[in-house]
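>>> Sequence and computational prediction follow.
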Amino acid sequence: MKTHSLLLLGVSTSTLLLLGAASHSAEQQSSITLDKIVTTAGKAKVAIDTPQAVTVIAPQQIEASQANSLGELLERTPGVSVSNAQAPFGQSFNIRGIGTGLSSDENRMILQVDGVKKYFEQYRMGSFFSDPEFYKSVTIQRGPAGSTLYGSGAMAGVISVQTKDASDYLKGDDKLAVRLKGTWSSNANDFTSSLVTAAKLTDNLELFAAGNFGQIRPYTNGDGVKDAEGNTNMYSGIAKLKYNFGSDKDQSLALSYERYQFTGKNQYFDQISHSKDFGFTDRTGYNQTGILRYENAFLGNDFLNLTAQLSYSNEETSQDKLQNICYGPRFCFKPYGDKTDFTYNTIQYKLENESELESVLGLPLFITYGAEGSWQERKNTRYKKTGTTHGSSSHPEGTKTSFGVYAQAEAELLPGLVLTPGVRIDHDRLQPGTGVKATQGPSDTAYSPKLAVYYDLTSNVGLFASLAHTERLPSIDEAFSGDNYTNPHVKQLKKELSNNIEGGIALSFDSVLQEEDGLRLKATTYYNKIRNHYSRQYNHTTGRAEVVLVNQAQYSGLELEASYDSQSIFADAGLTYTRAYNLDTNNYIDSVEPLNGFIALGFKVPEADLQVKWRSDFYGALTKVSDPKNKAKAYNLHDISLEWTPTQGFLENAEVRASVENIFNTKYRSALSQRDGRGRTFKLSIAKTF
């Protein structure tokens, strides 16, 4: 990163921190990022008051982003990186240095949609396919403390998506709401068009249904170079039916179904790097989720607040008309056959209760406890002229059965002092599938205890710290690949063990420059030591991904978030510093992004229902790596956006958003990506709710 860029970021952030202070008012309503409500267990709280690093992407931010993928939403969150963020089918997620495009490290983080865990792994393919058009919020919890409530092994953190409901569109006594929206992007001439219907069918029954269609085309980089890949059609839809009942309507039964599908001809088989070495294919992909959910708040009973959920999840890609892969003129073959399917089918169930015990113990105490389980099947059918085969040594089939119990307490021991202990126990059993020589799989138990504390030192200053341990059990891919695929005697893999300590300070000031404004700052530092660390790394010499065992690995870093909001101006800033070491070799682990940060400044014109924002992102050069070929150059990106949401007149309930991304048409490639980012892009979206 150039010196003047770092200086600009530092000065801008410092300016926010030195604006001044006054009394803190919990009642103030603002759009400050760190004031977003965190919908986790226990007492409702804002992100800045949590004892760990949490970022909430709210509905307005999702709409303003005009994103086509989850990666585009997440890539600007402190501590979060995305490989190929602008490539919907080749992106992979990284939190605090854990996760790369080839390693499928999403098994070291939990990614869920409406409480349903999503997981997909395919060689040289992205890990998650979804449509942000239906997102209501996205919550990112960084670090392994989230393992208690969401699942053991979440060494990197948790990404939780909530989708929209009918109540998000029905206001007051509305019985019906219809929303039309269209979005266009100039770089690749992409477009999407959506229709939303929300209806209150009876006093107790509501319906939400939405559909979205779009076309994704190959984009050009800053030099105007475009990939040779064909166009992709995207179809998505969601339907929810919710029935409220009981004497106080404190019970509900909800049924929902969501489907995302993409189809494209002449696509790169390799969606990670768009290498022609793996040929082209016609590809169709699916992401389906079905949920049956029951909730009972038991109004008047502090001991019971029950939720039960049963779900089915399916992630699948189908590759047809596969081409030969050739090494020289005489050696050509089709390793995946003429056609191949990669499939994950998962059945999940969960029962959770929350008890508020203040009336019994005389101090605020919330206890969340529950049990959950799942059955997951991994399939890889390969169709050849000689017959059908299943899996391979690099993509074995199998099943995984999991069951876990957990409990977390949140107790305010003294005014302003909140203690949050928790523990989780998970048991996994893996069974080999067709083609695997091993006759049985590993079976083991993982433990995830934690202790977190938050203390309001003053009305403006909060201190927090946490200590978390989690254990990750092997995935189906790890358990049966390589030697275990060809050998009947299972080579047991050790559990990965993570010990993480983190802490920081949170500052909250109101009436800083003018009445009804606010300034928030949160700084978090962490140290995560992992034993028996398995990672899949790219070997530039052999041209293959290889599994490497690191006996001891160390991840550490610093994350800064700052937000200011007032009636006329607003600002956000963030800074991320991450380092990772292989303690066996005293060398670097190359799955971290360099020092990076952002600053966003904007102003509002309330009388015109208008706001304008400028955002600059700064990425330093990545030079401290174990493999010199993994070095990355520094770059800066600058965007400007406009949002107009008229509240009166014939355009009431209309929404117009326009932006120019990468204004200076910079050619860049993020440190964790194998594809160039998108060049200058103009985006326009228009929506109207009737």
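In hand now; what should we look at?

>>> all strands in the stretch 51-200 of the chain, in order from the N-terminus.
Along the stretch 51-200 of the chain, counting by DSSP state E, counting those that start in this stretch, strands occupy 54-57, 80-83, 92-95, 109-113, 116-117, 135-142, 157-163, 176-185, 190-200.

>>> I misspoke; the intended subject was the stretch 251-400 of the chain.
Using DSSP E, counting those that start in this stretch, strands in the stretch 251-400 of the chain cover 251-268, 280-296, 306-320, 325-326, 332-333, 339-356, 365-384, 387-390, 398-414.

>>> among the strands of the stretch 51-200 of the chain, which is nearest N487?
Of all the strands of the stretch 51-200 of the chain, strand 92-95 sits nearest to N487, with 29.6 Å by CB to CB. Any C-beta I mention is one placed from the backbone N, CA and C, and that applies to glycine too.

>>> So which elements touch the closest one?
strand 80-83, strand 109-113, strand 157-163 (3 or more CB pairs under 8 Å, 6 or more residues apart in numbering; DSSP states H and E).

>>> I'd like the average pLDDT over the last one.
So that's strand 157-163. Throughout strand 157-163, pLDDT has a mean value of 94.

>>> what do you get for the first one?
Along strand 80-83, the predicted confidence averages to a pLDDT of 88.

>>> What's the separation between the closest residue in space to F303 that isn't next to it in sequence and D302?
Nearest residue to F303, sequence neighbours excluded (CB to CB, 6 or more residues apart in numbering): S355, at 4.8 Å. With the distance defined as CB to CB, to the nearest Å, S355 ends up 7 Å from D302.

>>> Please apply the same query to N665.
59 Å.

>>> Equivalent analysis for Q86, please.
Q86 sits at a distance of 48 Å from D302 (criterion: CB to CB).

>>> More neighbours: which of these two?
Of the pair Q86 and D302, Q86 is the one with more neighbours under other CB atoms under 10 Å, namely 24 against 14.

>>> Contact partners for the more buried one?
N68, S69, G71, E72, Y219, G677, R678 (CB atoms under 8 Å, 6 or more residues apart in numbering).

>>> rerun at 10 Å
Contacts for Q86 (CB atoms under 10 Å, 6 or more residues apart in numbering) come out as 67-69, 71-72, 75, 187-188, 219, 661, 670, 673, 675-678, 681.

>>> For F366, give its distance to K529.
F366 is 30 Å from K529, by CB to CB.

>>> Mind checking which of those two has more residues around it?
Higher neighbour count among F366 and K529: F366, with 21 against 17, using other CB under 10 Å.

>>> Tell me the confidence at that one?
pLDDT, F366: 92.

>>> Quick check: beta-bridge partners of it?
When bridges are called by DSSP bridges, F366 pairs up with E356, E410.

>>> hang on, it packs against P421?
No. Contact criterion CB atoms under 10 Å: F366 and P421 do not qualify, at 12.0 Å.

>>> so what sits against both of these two?
With contacts taken as CB under 10 Å, 6+ apart, F366 and P421 have Q408, A409, E410, A411 as neighbours in common.

>>> ok, the closest residue to the second one other than its chain neighbours to I238 distance?
Spatially, and ignoring its direct neighbours in sequence, A409 is nearest to I367 (4.9 Å; CB to CB, 6+ apart). Distance, I367 to I238, by CB to CB: 33 Å.

>>> between the two, which one's more packed in?
Legend: neighbour count by other CB under 10 Å for I367 and I238, higher for I238 (22 against 18).

>>> Not counting its neighbours along the chain, what's nearest the more buried one?
Counting by CB to CB, 6+ apart, the residue nearest I238 is E258, at 4.4 Å.

>>> ok, that neighbour - contacts?
Neighbours of E258 in contact, by CB under 10 Å, 6+ apart: 113-114, 116, 130-131, 134, 163, 210, 236-240, 287-291, 313.

>>> Would you mind writing the ChimeraX command to select the buried ones in the residues you listed?
The buried subset of the contacts of E258, as determined by 16 or more other CB atoms under 10 Å, is captured in ChimeraX by this line:
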select :113,114,116,130,131,134,163,210,236,237,238,240,287,289,290,291,313
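
>>> Output stretch 572-579 as PDB, nothing but the C-alphas.
Extracted C-alpha coordinates of stretch 572-579, given in PDB (Å, rounded to 0.1, in the frame of the first residue of the first chain):
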ATOM      1  CA  ASP A 572     -17.800   4.600   8.800                       C
ATOM      2  CA  ALA A 573     -14.300   3.300   9.000                       C
ATOM      3  CA  GLY A 574     -12.500   0.000   9.500                       C
ATOM      4  CA  LEU A 575      -9.000  -1.500   9.700                       C
ATOM      5  CA  THR A 576      -7.900  -5.100   9.700                       C
ATOM      6  CA  TYR A 577      -4.400  -6.500  10.600                       C
ATOM      7  CA  THR A 578      -3.900 -10.300  10.500                       C
ATOM      8  CA  ARG A 579      -0.900 -12.500  10.800                       C
END
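
>>> Now that stretch: buried residues?
D572, A573, G574, L575, T576, Y577, T578.

>>> Return the closest of those with respect to D483.
Nearest to D483 among those is T578, at 33.3 Å by CB to CB.

>>> Pretty sure L205 sits against Y243.
Yes. Assessed by CB under 10 Å, L205 is found in contact with Y243 at 5.2 Å.

>>> list the residues that contact both of those two?
Going by CB under 10 Å, 6+ apart, no residue sits against L205 while also sitting against Y243.

>>> excluding its backbone neighbours, what's nearest P132?
Per CB to CB, 6+ apart, closest to P132 is A67, 4.9 Å.

>>> how deep is that neighbour tucked in, by neighbour count?
When neighbours are counted by other CB under 10 Å, A67 registers 24.

>>> For it, give me phi and psi.
phi -80, psi 150 (degrees, to the nearest 10).

>>> quick one, what contacts it?
Here A67 is in contact with 57, 61, 73-75, 85-86, 88, 131-133, 135, 183, 683 (criterion: CB under 10 Å, 6+ apart).

>>> and if you look at S641?
Counting by CB under 10 Å, 6+ apart, S641 touches 64-66, 600, 602, 611-615, 657-661, 683.

>>> can you tell me how far it sits from Y668?
Where Y668 is concerned, S641 sits at a distance of 19 Å (CB to CB).

>>> for the stretch 501-650 of the chain, what are the low-confidence residue spans?
Within the stretch 501-650 of the chain, the segments meeting pLDDT under 70 span 535-547.

>>> rewinding a little: out of the contacts of A67, who's the most crowded?
Neighbour-wise, these (other CB under 10 Å) top out at D131, 29 neighbours.

>>> ok, it to Y119 distance?
18 Å.

>>> swap in T386?
32 Å.

>>> So for those two, which residue has more residues nearby?
Set T386 next to Y119 and count neighbours by other CB under 10 Å: Y119 wins out with 23 against 6.

>>> Which residue is the nearest non-sequential neighbour of the spatially most central residue of the chain?
With distances taken as CA atoms, centre = their mean, I159 lies nearest the centre of the chain, 4.0 Å away. Excluding the flanking residues, the one nearest I159 by CB to CB, 6+ apart is L111, at 4.7 Å.

>>> How about the contacts made by that neighbour?
70, 93, 117-120, 127-128, 130, 150, 154, 157-161.

>>> Compute the distance between it and P88, please.
With CB to CB as the criterion, L111 and P88 are 15 Å apart.

>>> Could you do D341 as well?
20 Å.
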